[in-house]
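Enquirer: Structure, please.
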Amino acid sequence: MSDVEIVCEKSFSSVDNVIINRFVEFQQALIDKNEDKLNEIILDDYELVHMSGKKQSKSEFIGEVMDGTLNYFKSEISEPTILWDDDENASMIADVTLTAKVYGINGKWTLNTVASFVKINDTWYFGKWDN
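Expert: I've put the predicted structure just below:
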């Protein structure tokens, strides 16, 4: 059972679906606190830009997920759009509504998300989450 839902009327090409599914995998790994999966999906030079403007590296972000500072319960991805720079660089733009407990505050936040992906050796990795 997935705690991640895609809300969308349009259909996607198979290559667009690969990017969307990778983001879904990432979101589910956050919810499950699956450190191995997060380390597999996220590039080492990953950067998260919180809605407050705070920036976090991969290790800082995963550390806060694992220690319970950041707790994710549900994710709803609305109307994702994939933009291609070339065959190995893509971005997903979507509104992502997260039900979470973040820094001690329970809530439901909708993030205007730009998620950047890079293809390395035929595998897509998550490079940046700007919201």
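Enquirer: show me where this protein has helices.
Expert: 14-32, 35-41, 58-66 (DSSP state H).
Enquirer: where in the protein is pLDDT low?
Expert: Along the chain, segments meeting pLDDT under 70 span 1.
Enquirer: Of the helices of the chain, which is nearest residue 124?
Expert: Ranking those by proximity to residue 124 (Cβ to Cβ) places helix 14-32 first, at 4.8 Å. All C-beta spots, glycine's among them, are computed from the backbone N, C-alpha and C.
Enquirer: list the buried ones in the closest one?
Expert: 16, 18-20, 22-31 (16 or more other Cβ atoms under 10 Å).
Enquirer: Return the member of those nearest to residue 82.
Expert: Looking across the buried residues of helix 14-32 and measuring by Cβ to Cβ, the closest to residue 82 is residue 16, at 4.3 Å.
Enquirer: residues in contact with the nearest residue to that closest one once chain neighbours are set aside?
Expert: Distance criterion Cβ to Cβ, 6 or more residues apart in numbering; nearest residue to residue 16, sequence neighbours excluded, is residue 82 at 4.3 Å. For residue 82, the contact set (Cβ atoms under 8 Å, 6 or more residues apart in numbering) comprises 12, 16, 19-20, 90-92.
Enquirer: Now flag whichever of those residues is closest to residue 53.
Expert: residue 91 (19.6 Å).
Enquirer: what's around that closest one, how many residues?
Expert: By other Cβ atoms under 10 Å, 18 other residues sit near residue 91.
Enquirer: Next one: it from residue 83, what distance?
Expert: Shown here: residue 91 relative to residue 83, a distance of 5 Å by Cβ to Cβ, to the nearest Å.
Enquirer: Take the buried residues of helix 14-32 and write them to JSON lines, including distance to residue 106.
Expert: Output for these, formatted as JSON lines (distance: Cβ to Cβ, whole Å):
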{"residue": "16", "distance to residue 106": "33"}
{"residue": "18", "distance to residue 106": "33"}
{"residue": "19", "distance to residue 106": "30"}
{"residue": "20", "distance to residue 106": "28"}
{"residue": "22", "distance to residue 106": "28"}
{"residue": "23", "distance to residue 106": "24"}
{"residue": "24", "distance to residue 106": "23"}
{"residue": "25", "distance to residue 106": "25"}
{"residue": "26", "distance to residue 106": "22"}
{"residue": "27", "distance to residue 106": "18"}
{"residue": "28", "distance to residue 106": "20"}
{"residue": "29", "distance to residue 106": "21"}
{"residue": "30", "distance to residue 106": "16"}
{"residue": "31", "distance to residue 106": "15"}
